[in-house]
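Student: Got a sequence here, can you model it:
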Amino acid sequence: MRGLLHCGVFHLLRVRVIVAFVCAAMTSPSAGQTFTTLVQFDLNTDGAGPQYGALVQGRDGNLYGTTSGGTTNSGAGTVFKMTPDGTLTTIYYFCSQPNCADGITPVAGLVMGTDGNFYGTTSSGGDLSCGFPYGCGTVFKATPAGVLTTLYTFTASGGAGAGPHGGLAQGLNGSFYSTTGSEGGDGTVFKITPSGTLTTVHYFGLPDGLWPISGPALGTDGNFYGTTPAGGNAPNCNDGCGTVYKMTPAGKLTTLHSFDSTDGTEPVGGVVQAVDGNLYATTVLGGTSSVCAGLYNGGCGTVFEITPAGKLTTLYNLCSLSNCLDGVNPYGTLMQATDGNLYGTALEGGTLGYGTLFQVTTSGVFGVLHNFDRDNGGFPYAGLMQATNGILYGTTYYGGMPPSCNYGCGSIYSLDLGLGPFVEALTYSGKVGKTIEFLGQGFTSSTTVSFNGTPATPSVKSGTYLTAVVPSGATTGFVTITTSSGSLQSNKIFRVNPQIKSFTPTSGPVGTVVTITGVSLTQTTKVTLGGKTAAFTVNSDTQVTTTVPTGAKTGKIAIATAGGAATSAGTFIRTP
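Tutor: Residues are numbered from 1 along each chain as shown. Below is the predicted model:
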């Protein structure tokens, strides 16, 4: 993997040297917010260097994450949990197994699976004889109590790749998806079952991207979306300027955009799909800022929007303000909070040169909320997350007061913007009858649940975790959970997937009225018959009638609703 030389940071995946400089004038922090440093890591006790991955909330209401180094076992990294108010517990030390078979250096964060366990990757360790000095990495599962199981060990052979630096994303099929980087090739996308069966589903190459760092994100359409920091078809950069891609669960990849440096270079972080359906992310370099014009490929990074169809709009060029007041090089993945705004971090710049925490609207209005410093934590590689208490949490890679690291060992911080509590679903789509898990607080035996106004019966597991079955008649919209303290709304829309059970008649000429029977058909927006759009009438949640249109051919019947799409199992035969 090539190094990245820009704005005072020389970054290699195994060797990291930070040279800080002040590249901004003083500014005042925004009013109406409270920034708190909750944890300052100490190399000798609780790890050091939480890197690319954002924190994740567990069923117990605590936050979980990884450090890439520190503590015992030759500084191999840790898995930790932290209460929302900042009490940290290390639950696993890597390199605890002989020859570091459990992995070294987990630079990515964790994802909680539907089983309540946490899944992640280590960039090194595992098979130390795989051909790379520190091993080729692993995929692991960790229980909330810290019992770790190595699910897969990369060997840089057999086409599976090596050196995963990205986090995992669980697909609708239950398998997890992520990427490997440059070790052993140009990078791959792999899927792995919760039991550890790994399949490489895509091999990257120059035209469609090189050396992915972040893992992909699951879209509302069931496909995955992600970035590569190099590759593509633009000639402006050596090895390409990076790409944004879409990939089906089966591995069919479509390049949505190839960067050309004027619209950004090296998108390292992943993408986030906002409530408007579009994707938002950052590039580390590139853009049109004149302040950084003399640096590698010009520019200090961008914030961009891209539609699922591939139309890209640059929302903001970092370092556009005088003396890089707004920050430089945003590495982390953006996050959309319940106020609809996007939040992210810049690795450097700001008033002290240690990076910034910023807010940007989906229309591109940008503002700095916090300037990081040396004493409390600086150089934030990771993005933020919003816990169900409404507060934003994040980490810094360096900084902090403990003297056990040259530049500090990193920190965990919170940013309270006064946003209220909410509930989070672990999946935001499903058919009637599917059990959905929810995280929140204040759940009791009297708690009620409704899917866009349709009541559902909850099964309360604890004060912070419950499940509910999608009820018959439910429609796409927000989920509301009412506790003794008030009503909590889901932070995203829950999509109720439609189903086609049957249709009658099964054949007929143009003008034939066809009755479609199914589930969750109330919000039908489109019907096609044999690939031709047809007029329709919604009779009930379980029935839609349509008329065979002129030009229709023999084929499937498909329905699109606010909650997704469904296609008939049988074929309608269009007769003369």
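Student: make it CA atoms for all contacts and neighbour counts henceforth
Tutor: Fine.
Student: who touches the nearest residue to Gly563 once chain neighbours are set aside in this structure?
Tutor: The shortest distance from Gly563 to any non-neighbouring residue, by Cα to Cα, 6 or more residues apart in numbering, is to Arg495 (4.2 Å). For Arg495, the contacting residues are 428-430, 475-477, 562-564, by Cα atoms under 8 Å, 6 or more residues apart in numbering.
Student: Could you check how far Arg495 is from Thr356?
Tutor: To Thr356, Arg495 is 35 Å away according to Cα to Cα, to the nearest Å.
Student: ditto for Gly453
Tutor: 41 Å.
Student: between the two, which one's more packed in?
Tutor: Thr356 (31 against 15; other Cα atoms under 10 Å).
Student: Now do the contacts for the residue nearest to the more buried one when sequence neighbours are not counted.
Tutor: Leaving aside its chain neighbours, Thr356 sits nearest to Asn371 (4.6 Å; criterion: Cα to Cα, 6+ apart). By Cα under 8 Å, 6+ apart, the residues touching Asn371 are 29, 350-352, 354-357.
Student: for these, which one is nearest Ser484?
Tutor: Proximity of the contacts of Asn371 to Ser484 (Cα to Cα) peaks at Leu357, which lies at 34.8 Å.
Student: How many neighbouring residues does the closest one have?
Tutor: Neighbours of Leu357 using other Cα under 10 Å come to 24.
Student: you'd agree Leu151 is up against Lys141?
Tutor: Yes - counting by Cα atoms under 8 Å, Leu151 touches Lys141, with 6.8 Å between them.
Student: Those two: which is more packed in?
Tutor: Set Leu151 next to Lys141 and count neighbours by other Cα under 10 Å: Lys141 wins out with 24 against 20.
Student: which helices and strands sit right next to the lengthiest strand in the chain?
Tutor: Counting residues, the longest strand found in the chain (DSSP state E) is strand 564-574. For strand 564-574, the packing partners by 3 or more Cα pairs under 8 Å, 6 or more residues apart in numbering; DSSP states H and E come out as strand 499-504, strand 507-508, strand 555-561.
Student: one more time with 6 Å
Tutor: Here strand 564-574 touches strand 507-508, strand 555-561, going by 3 or more Cα pairs under 6 Å, 6 or more residues apart in numbering; DSSP states H and E.
Student: got those as JSON lines, with mean pLDDT, mean neighbour count and distance to Ser129 columns?
Tutor: As requested, the helices and strands packed on strand 564-574 are exported to JSON lines (pLDDT from 0 to 100; neighbours: other Cα atoms under 10 Å; distance: least, Cα to Cα, whole Å):
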{"stretch": "strand 507-508", "mean pLDDT": "96", "mean neighbour count": "16", "distance to Ser129": "63"}
{"stretch": "strand 555-561", "mean pLDDT": "97", "mean neighbour count": "20", "distance to Ser129": "52"}
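Student: Thr283: which of those is closest?
Tutor: Of these, the one closest to Thr283 (Cα to Cα) turns out to be strand 555-561, at 34.2 Å.
Student: Tell me which residues are up against the longest strand of the chain.
Tutor: The contact list for strand 564-574 (Cα atoms under 6 Å, 6 or more residues apart in numbering) reads 497-500, 506-509, 553-559.
Student: Would you point out the most distant pair within these?
Tutor: Longest span within those, Cα to Cα: Asn497 and Pro509, 29.8 Å.
Student: Between these two, tell me which one has more neighbours.
Tutor: Asn497 (22 against 16).
Student: Next one: that one from Tyr152, what distance?
Tutor: 33 Å.
Student: Next, count neighbours for Ala145.
Tutor: 12.
Student: list the contacts for it?
Tutor: Contacts of Ala145 by Cα under 6 Å, 6+ apart: none found.
Student: In terms of helices and strands, where is it?
Tutor: Secondary structure from DSSP states H and E places Ala145 outside every helix and strand.
Student: rewinding a little: got the contacts of Arg495 as TSV, with pLDDT, neighbour count and distance to Phe422 columns?
Tutor: Below are those laid out as TSV (pLDDT from 0 to 100; neighbours: other Cα atoms under 10 Å; distance: Cα to Cα, whole Å):
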residue	pLDDT	neighbour count	distance to Phe422
Tyr428	95	19	14
Ser429	95	22	18
Gly430	96	20	20
Thr475	98	26	20
Thr476	98	24	18
Gly477	97	17	15
Ala562	96	19	23
Gly563	96	25	21
Gly564	95	21	24
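Student: I'd like those residues as a markdown table, with distance to Leu419 appended.
Tutor: Output for the contacts of Arg495, formatted as a markdown table (distance: Cα to Cα, whole Å):
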| residue | distance to Leu419 |
| --- | --- |
| Tyr428 | 21 |
| Ser429 | 25 |
| Gly430 | 28 |
| Thr475 | 27 |
| Thr476 | 24 |
| Gly477 | 21 |
| Ala562 | 28 |
| Gly563 | 27 |
| Gly564 | 30 |
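Student: now Thr351, what's its secondary structure?
Tutor: Here Thr351 is recorded as coil under DSSP: H, G, I helix; E, B strand; the rest coil.
Student: Can you give me the distance of Tyr465 to Arg59?
Tutor: 5 Å.
Student: Give me the pLDDT for Leu285.
Tutor: With respect to pLDDT, Leu285 scores 91.
Student: is it true that it touches Thr302?
Tutor: No - between Leu285 and Thr302 there is no contact under Cα atoms under 6 Å: 7.1 Å.
Student: Just want to know which of these two has more residues nearby.
Tutor: Between Leu285 and Thr302, counting by other Cα under 10 Å, Leu285 is the more crowded of the two (35 against 30).
Student: Quick check: bridge partners of that one?
Tutor: Applying DSSP bridges to Leu285 yields these beta-bridge partners: Thr265.
Student: what sits against Thr228?
Tutor: Per Cα under 6 Å, 6+ apart, neighbours of Thr228: 209-210, 212, 242-243.
Student: Distance-wise, check it relative to Asp115.
Tutor: Taking Cα to Cα, one finds Thr228 at 30 Å from Asp115.
Student: got it, and Thr361?
Tutor: Distance from Thr361 to Asp115, by Cα to Cα: 34 Å.
Student: Those two - which one has more neighbours?
Tutor: Counting neighbours by other Cα under 10 Å for Thr361 and for Asp115 shows that Thr361 has the greater number, 15 against 9.
Student: Counting neighbours, what do you get for the nearest residue to the more buried one once chain neighbours are set aside?
Tutor: Leaving aside its sequence neighbours, Thr361 sits nearest to Asn341 (Cα to Cα, 6+ apart; 4.9 Å). Using other Cα under 10 Å, Asn341 has 16 neighbouring residues.
Student: change the start of the numbering to 53 and stick with it
Tutor: Done: numbering now begins at 53, and the last item shifts to Asn393.
Student: Go ahead and confirm Asn393 touches Phe410.
Tutor: No - here Asn393 lies out of contact with Phe410, judged by Cα under 6 Å, at a distance of 10.3 Å.
Student: per-residue confidence for Pro455?
Tutor: 69.
Student: Check Thr365 too.
Tutor: 98.
Student: Show the backbone phi and psi for the residue lying closest to it once chain neighbours are set aside.
Tutor: Spatial nearest neighbour of Thr365, chain neighbours left out: Glu357 (5.2 Å); criterion: Cα to Cα, 6+ apart. Backbone torsions for Glu357, taken as degrees, to the nearest 10, come to phi -120, psi 140.
Student: And for Asn151?
Tutor: The phi/psi pair for Asn151 (degrees, to the nearest 10) is phi 60, psi 20.
Student: what's around it, how many residues?
Tutor: 13.
Student: From the centroid of the chain, which residue is nearest?
Tutor: Ala269 (4.7 Å; Cα atoms, centre = their mean).
Student: From Thr300, how far off is it?
Tutor: Counting by Cα to Cα - Ala269 and Thr300 are separated by 11 Å.
Student: quick one: contacts for Thr569?
Tutor: Here Thr569 is in contact with 553-555, 594-595 (criterion: Cα under 6 Å, 6+ apart).
Student: mind checking the SS state of it?
Tutor: Per three-state DSSP, Thr569 ends up strand.
Student: Name whatever forms a beta bridge with the closest residue to it other than its chain neighbours.
Tutor: Leaving aside its chain neighbours, Thr569 sits nearest to Gln595 (4.7 Å; criterion: Cα to Cα, 6+ apart). Bridge pairing for Gln595 (DSSP bridges) gives the partners Thr569, Ser592.
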